[in-house]
Structures are given as C-alpha cells and as structure tokens.
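>>> Make a model of this:
(chains A and B)
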Amino acid sequence: AQKITQTQPGMFVQEKEAVTLDCTYDTSDQSYGLFWYKQPSSGEMIFLIYQGSYDEQNATEGRYSLNFQKARKSANLVISASQLGDSAMYFCAMREGRGNTPLVFGKGTRLSVIA
Amino acid sequence: SAVISQKPSRDICQRGTSLTIQCQVDSQVTMMFWYRQQPGQSLTLIATANQGSEATYESGFVIDKFPISRPNLTFSTLTVSNMSPEDSSIYLCSGGQGETNEKLFFGSGTQLSVL
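I've put the predicted structure just below:
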C-alpha cells in the first residue's frame, strides 16, 4: 500500500487565487512528520513546510499552510495568493518514527499558475 | 537549516563509464540519504549513509552499482557505476540532523544523462 497518496496529477490556478494540493498518508507510527517540497524545472527540491504528528496547530510558512487532519490522515498544502513563480511540481512526503529515518514521497502534483 | 552543496549539477556520460556525485554539508549531519528521480517520476530512496559504517541499500539497489562513501559528518559521495541509459535520472542527496523528526534539506540535484 502506498504510504503517501497525491491524487491530483495536475492542477491549474488563476494568479492571486488560493489553491489546495491534496495529500493523504498511511502509517501506524504515533510519531511522524509530514513535509511538502516544491520542485521547479531546475530539479532542486525546495523545502516548504513541515508538520509534526504531535503538533496541535497547523503549520504555516508565509503563503504556505498545511491543513493537518490527523483523524483523516490528510495533510493538504494550501498556497494563498498564487504567483506565476509557484508553477512547479509539489511533493508531499512523510518521515516515520523518531530519529533519522528517510522520507517517503508521493507521486507529486504539477501546479500551473495562469495569468 | 543545513546547506548542502551538490556537484556536478548535470553531466552527460557515455555508456559503461562511472560518475561520482559529491555532497558537502555546511554543518554536521548524522545521516545522509541518496535518492533517484527517474524522468517524470517521484523520488526513490537508494541508500542511507551513516558515518563510519557501510551504507544501507534499499531493495533494487546494490553496492556494486551505487557505491557510497561517508568519510565524515559533512561529506558523502555516490558513484553510479557502469552506466546505461536507464540510469538517466536526477540524483539527490539529503541530510538529517538531531534525534527527532526534523526538517530534511536537499542538495540541488545532479541531472545525469547517459548516452
């Protein structure tokens, strides 16, 4: 079974509008972390936001916020006031357990911002 | 946050040759992870590198094909050996710090094309 599921292969959003990218996860660990990364066409992975499983408040980083619904095992990324530079691939990832464990990635969502 | 310098950023190689990718971190990190991203795909973990011990490889990846070195807590290399066109991918290194779930940052990636 997939540990990270991103059901939207591609999304379009109008410039200055908000957009939500979906992510659901599957784990039996009580301690885990959820991550979102942006990958532009250059190929680098840019860290956007992190949510720990014990964090009670949703994480926010500037225009990015993570809508964390633990019971539903979802960790959707919300981008407010979209900009043309937001056009990229977006990956949701999870790190299970405590300690230095690797990330498991979803298949990604390609976001296109339209002027 | 750790800054990870990865080189080369891209290379075009001939079939049967080998390429070594280097990652230098600006601070000590306990674990480093090497990922492969095949064209149009998500990231797949190749191996986990801990200083002073042999790397731990994921299913489908072997040491003879992807030897890894981790001579100290700030440096690691991945070699792609006896390359074939199927090895054409983006290769990324990632570093982790601390004992708990913390943010993982990536090098800028190496875009490898094998002719």
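>>> Pull the number of nearby residues for residue 40.
Here I'm looking at chain A. When neighbours are counted by other CB atoms under 10 Å in any protein chain shown, residue A:40 registers 13. C-beta coordinates here come from the backbone N, C-alpha and C atoms, glycine included.
>>> Sorry, I should have been clearer: chain B.
Neighbour number of residue B:40 under other CB under 10 Å is 9.
>>> Which secondary structure state is assigned to it?
Assigned with DSSP: H, G, I helix; E, B strand; the rest coil, residue B:40 falls in the coil class.
>>> ok, now the one 4 residues further on?
Assigned with three-state DSSP, residue B:44 falls in the strand class.
>>> Enumerate every residue touching it.
B:35, B:36, B:37, B:38, B:58 (CB atoms under 8 Å, 6 or more residues apart in numbering or on different chains).
>>> go on, residue B:66?
B:34, B:46, B:47, B:57, B:78, B:79, B:80, B:81.
>>> Leaving out sequence neighbours, find the closest residue to residue B:80.
Excluding the flanking residues, the one nearest residue B:80 by CB to CB, 6 or more residues apart in numbering or on different chains is residue B:19, at 5.1 Å.
>>> Looks like the one you found contacts residue B:88 (just checking).
No: Residue B:19 lies out of contact with residue B:88 (CB atoms under 8 Å); the separation is 11.2 Å.
>>> where do the contact lists of these two overlap?
Common neighbours of residue B:19 and residue B:88 (CB under 8 Å, 6+ apart) are residue B:112.
>>> for chain A, what helix or strand is lowest in average pLDDT?
Here the helix or strand of chain A ranked lowest by mean pLDDT, DSSP states H and E is strand A:46-52, holding a mean of 91.
>>> Provide the strand pairings for the following helix or strand past it, with the direction of each partner.
Note on strand A:46-52: by DSSP states H and E, the next helix or strand toward the C-terminus is strand A:60-61. Strand A:60-61 has the following strand partners under DSSP bridges: strand A:64-69 (antiparallel).
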